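Peer 1: dropping the sequence and predicted coords here.
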Amino acid sequence: MSRFDLRGMGVALVTPFKKDKSIDFDALAKLLDYQIKSGADYLVALGTTAETATLSSKEKDELKRFIAERVAGRVPLVIGCGGNNTAAVIEELKTLNTDDFGAVLSVVPYYNKPSQEGIYQHYSAIAKSSPLPIILYNVPGRTGVNMSAETTLRLAAEHPNIIGVKEASGNISQMDEIIKKKHPDFLVISGDDGITFPLITLGAAGVISVIGNAFPKEFSKMVRLALNGDYDAARNIHHKFTDLFSLLFIDGNPAGVKCLLHAMGFIENELRLPLVPTRITTYEKIRQVLDSLN
């Protein structure tokens, strides 16, 4: 996969569950087909939105195979592979089928709260071992530590196979600093649907989207319009979804988007503990916004 394949809208895939909490592969197949036919530029498997932390090793392997076989090369695939044990991440990377996946999305180590030097050393070790290009993933709201612009730029400069960063720090100034100082080929990808439009106007390459699970056609159109400099048309679509952006995350991710997909008839509204479905009040508000969009 060339780094240019990652421009546009990637979708952070959910993992549909049945009422007994087992994986609903039939629902997943329909979602994959829906997103590909509706304009998703690439798909991200086994990220945060997939509830990967609650999946067994066997289930993760089953999902990798199923997604790769169902997608069948129709769009590029990115695989989530990260953690707070650097050696374990490297071992997992050795098992990846590089015929199926084009890049790795690897989250900043969580819980350990490493220093900036620790983050740098973690990713440097991964970069030296990975058979695939790497997208850094900075999401301090989940990991407890922010990867600074300086660390991101240092990694990008020193490791050619670190090709981009999914930025979900919420710090526009930090993202803008990376965009301003990065090599032209290094990609800054929005990790937050709500700021994707303004971030593209600053020079971001697109988004790895949650809302794209449900509205791939509309959201990918917004991203393409913005990337092409048609900011007025892109802004109109962005504003169409602003109410939904906040609702999808008020009770956590992926509870909001699973609620939305359930209301649309795609999946059961099931999550695995410790995550639970949205509150009834949130569900009703999401249904109201969905009705207004149709």
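Peer 2: That came through, no problem.
Peer 1: pretty sure T201 contacts L225?
Peer 2: No. The criterion here is CB atoms under 8 Å, and T201 misses it with L225 at 11.3 Å. Every residue, glycine included, has its C-beta placed from N, CA and C.
Peer 1: which residue ranges of the stretch 1-150 of the chain form helices?
Peer 2: For the stretch 1-150 of the chain, helices defined by DSSP state H, counting those that start in this stretch occupy the ranges 25-37, 57-71, 86-93, 116-129, 140-143, 149-158.
Peer 1: list the contacts of the fourth one.
Peer 2: Residues external to helix 116-129 that are found in contact with it (CB atoms under 8 Å, 6 or more residues apart in numbering): 86, 89-90, 93-94, 106, 108-109, 112, 114, 134, 136, 145, 147-148, 150-151, 154-155, 158-159, 161-162.
Peer 1: model confidence score at the residue lying closest to G194 once chain neighbours are set aside, please.
Peer 2: Excluding the flanking residues, the one nearest G194 by CB to CB, 6 or more residues apart in numbering is F245, at 4.0 Å. pLDDT, F245: 92.
Peer 1: in the helix or strand containing F245, what's buried?
Peer 2: According to DSSP states H and E, F245 maps onto helix 242-250. Applying a neighbour-count criterion of 16 or more other CB atoms under 10 Å, one finds L244, F245, L247, L248, F249 buried in helix 242-250.
Peer 1: swap in stretch 218-238?
Peer 2: For stretch 218-238, using 16+ other CB under 10 Å, the buried residues are 218-227, 234-235, 237-238.
Peer 1: same check on stretch 179-198?
Peer 2: Across stretch 179-198, burial judged by 16+ other CB under 10 Å covers 179, 182, 186-198.
Peer 1: endpoints of that stretch, how far apart?
Peer 2: With CA to CA, to the nearest Å applied, stretch 179-198 spans 13 Å between its terminal residues.
Peer 1: cool, stretch 153-163 as well?
Peer 2: With CA to CA applied, stretch 153-163 spans 11 Å between its terminal residues.
Peer 1: quick one: mean pLDDT for it?
Peer 2: Averaging pLDDT along stretch 153-163 gives 98.
Peer 1: also stretch 259-266?
Peer 2: Mean predicted confidence for stretch 259-266 is 97.
Peer 1: what does it contact?
Peer 2: So stretch 259-266 is in contact with 14, 16, 27, 30-31, 34, 213-214, 244, 248, 251, 267-269, 277-278, 282-283, 286-287, 290, going by CB under 8 Å, 6+ apart.
Peer 1: how about stretch 227-234?
Peer 2: Contact partners of stretch 227-234, identified using CB under 8 Å, 6+ apart, comprise R7, G8, F197, I200, T201, A205, G206, M222, V223, L225, A226.
Peer 1: repeat the analysis, applying 7 Å as the threshold.
Peer 2: R7, F197, I200, T201, G206, M222, L225, A226 (CB atoms under 7 Å, 6 or more residues apart in numbering).
Peer 1: picking up where we left off before, could you measure from the residue nearest to G194 over to S190?
Peer 2: 12 Å (CB to CB, to the nearest Å).
Peer 1: what is the burial count for R279?
Peer 2: Counted with other CB atoms under 10 Å, residues neighbouring R279 total 13.
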